[in-house]
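Asks: Build me a structure from this.
(chains A and B)
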Amino acid sequence: MAAEADIAVRLDGVTKHFGDTVALKDAWLKVQRGELLTLLGPSGCGKTTLLNLVAGFLSADAGELFIEGALVTDVPTAERDIGMIFQSYALFPHMSVAANIAYGLKTRHIARDEIARRVREAIALMKLGGLEARKPRQLSGGQQQRVALARALVIRPKVLLMDEPFSALDKNLRQSMQVEVKEIQRRLGVTTIFVTHDQSEALSLSDRIAVMSDGRILQIGTPQEVYRAPADRFVASFIGEVTVLRGKLAQIEGDTAVVALGASRVSVAAAPLSGVSISSAVDLFVRPEQLRIVGDRGAITATVTAHIYQGGHVDLYADSSGAIGRVLVRVPGEAALHAPVGAAVGIAPAPSGAVAFPAGD
Amino acid sequence: MRRRPATLHRLAGRALVVLLLGFLILPAAVVAIAAFNERALLAFPPQGFSLRWFTKAFDYRDFQIGWHNGAIVMLAASSLAVVVGTGFAFVLDRYRFVGRGLIETLLLAPLVVPHFTVGLGFLLLAAQVGLMRGFTVVIACHVVLVLPFVLRSVYISLRNLDRRLELAAESLGARPARVLFTVTLPLLVPGIVSGFLFAAILSFNEFTASLFVTAQRTQTLPVAMYNYVREYADPTMAAMSLIFILATTVLLTLANAVFGLGKVLNVDDGR
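Replies: Next up is the predicted model:
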């Protein structure tokens, strides 16, 4: 566990209700200094509520909130030293770019030449040179995003909060902004809490991800951990593409269990299967890259319905009769040639890498 | 052949627009032309050409008092209404309390209570407290009449205001007072100006209630005009109309140049 001094934001059992609905239930979270932590989940999972609680826009019904070790549960937003990036950017429409960026410095009563210097720095950092006098409505979406970032970062916040900041940008711009934000965040070492419902964005940006559903934090871990070792069925199916295959628990030995799937044997972690007896049904969650096209003796037989050429690989969709339904297999380009659209193929899981959970309904 | 119905429709549409515009402009146009009549006769078409009725509109003693009184009442009532109305709009927008719906309905539906009722009410009240002769009762009466328009204008601006702008200011370290003065109020300026203009124009033109609450010394221009018309029927009234129209046009044009008419009239698309 990280030392207490390395914790930038801490939530101790924070709960928030809206009327009768529980928006956030007993959330415990430690955000380490300098890391980018993503709150990931479907809409209504409580991720924005959590962010707004850290920002101070909402007050908690129960629990305590700490920023840099100081108790801030009842401290107003203005005194929390946070930087906030809204989905809509929320730039002040009546102020120029420079005035927007200077706003947070003025509230702190910093000397005028120091403000000018830091605004210049922020403008250089966010590559906004030449736009200082423009009003926000005269800027493109990407430029507005940069101004919002400059405005939030120039005050050197203790924590940067970002609420789905890229969702209004088109795909190309979104990807380049993601790379840029990640780079700047790492360079400045600013602790960041990032909210998104986009799992690929979460996987590519985050140091750690907190997966949320129904007002609860289900799992906190690195992108590799939540992708490779999801804590439960929800996390496994929400993050990344997954195919669920019904198999039988063949054996448990120490930390490893073996799931039988037709002729295939797949080794999985035993922990999620504790309490399941040998030869009862389990569900195997398999990633597209863990599936292979084999001859006619695969665990699944399916008909190829589409090839989606992705450059380095091909996403091959196949329809299986029965409960499995559509299967996504990620194959190297040349392998797809042997399984043209319309062909009946066998699909088998790799012998390890998948996870299994007790059979659902 | 298939194009003909479309062309016909378009022609009919244009004709309708022209008719409607004509219908709207006609009375003002007739009055404007009658204002230049040389003879002391309110008639259309005019006979001869003269500007003397315009001179009279400014020279006639009762009108001079009327312009002066009207300006005092207009400025005082509109300014008061802006302050009170903005405050009310904030309370209505930001707080939930018992009776809020009723107040909202009353203040946003000014047509329910007729002007003569308001005037009569103030007359009775003023008689009770002995304020019969002063401007206080006239101004108070006008505040009540124009308040809904100011309130409505500011309230709509507040509803359209993106609350996240205020949250962003807070996140940047601004306390409530600073948020109000650097973000909220500047963004409400078009709504407040629009409310003030509506209030000013309405107050300056108001007749029915003013007839009840003004005295000889405090009579506003419309009341002075009414008293004038009871004795004379010359084109001074027409000249006065034209002056009113021109003054209002200049006012709105200025407002448009400074703030943009869409914003001032609150018909902005919300951007």
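Asks: hmm, which helix or strand of chain A has the shakiest average pLDDT?
Replies: Lowest on mean pLDDT, DSSP states H and E among the helices and strands of chain A sits helix A:333-337, with a mean of 74.
Asks: Give me the contact list for that helix.
Replies: Outside helix A:333-337, the residues that touch it by Cβ atoms under 8 Å, 6 or more residues apart in numbering or on different chains are A:293, A:307, A:309, A:312-314, A:316. Where you see a C-beta, it was placed from the backbone N, CA and C, and this is true even at glycine.
Asks: can you check stretch B:129-142 too?
Replies: By Cβ under 8 Å, 6+ apart, the residues outside stretch B:129-142 that reach it are B:69, B:72-74, B:76-77, B:80-81, B:118-119, B:122-123, B:125-126, B:203, B:206, B:209-210, B:212-215, B:217-218, B:220.
Asks: Okay, and which of those map to helices?
Replies: Under the assignment DSSP state H, the contacts of stretch B:129-142 contribute B:69, B:72-74, B:76-77, B:80-81, B:118-119, B:122-123, B:125-126, B:203, B:209-210, B:212-213 to helices.
Asks: before we move on, back to that, would you mark the buried spots in the least confident helix or strand of chain A?
Replies: Of the residues in helix A:333-337, those buried by neighbour count under the rule 16 or more other Cβ atoms under 10 Å in any protein chain shown are A:Ala336.
Asks: Output the set of residues of chain B in proximity to chain A.
Replies: B:162, B:164-165, B:167-175, B:178, B:182-183, B:186-187, B:271 (Cβ under 8 Å from any Cβ of the partner chain).
Asks: Restricted to buried residues, select the residues you listed in ChimeraX.
Replies: In ChimeraX, selecting the buried portion of the residues of chain B next to chain A, with burial taken from 16+ other Cβ under 10 Å, looks like this:
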select /B:164,165,167,168,169,170,171,172,173,174,178,182,183,187
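Asks: Which residue ranges make up each domain of chain A?
Replies: With domains defined by automatic domain parsing, chain A comprises A:4-236, A:241-358.
Asks: Out of these, which is closest to B:Ile103?
Replies: Between B:Ile103 and these, the shortest gap by Cβ to Cβ is with domain A:4-236, which sits at 24.8 Å.
Asks: Pretty sure A:Met162 sits against A:Thr191.
Replies: No. Because the distance of 11.5 Å does not satisfy Cβ atoms under 8 Å, A:Met162 is recorded as not touching A:Thr191.
Asks: picking that back up, helices and strands around whichever helix or strand comes after the least confident helix or strand of chain A, which ones?
Replies: Sequence-wise, the next helix or strand downstream of helix A:333-337 (DSSP states H and E) is strand A:344-349. Counting contacts by 3 or more Cβ pairs under 8 Å, 6 or more residues apart in numbering or on different chains; DSSP states H and E, strand A:344-349 is packed against strand A:264-269, strand A:291-294, strand A:300-309, strand A:313-320.
Asks: ok, and for strand A:344-349, which residues are buried?
Replies: For strand A:344-349, the neighbour count (16+ other Cβ under 10 Å) marks A:345-349 as buried.
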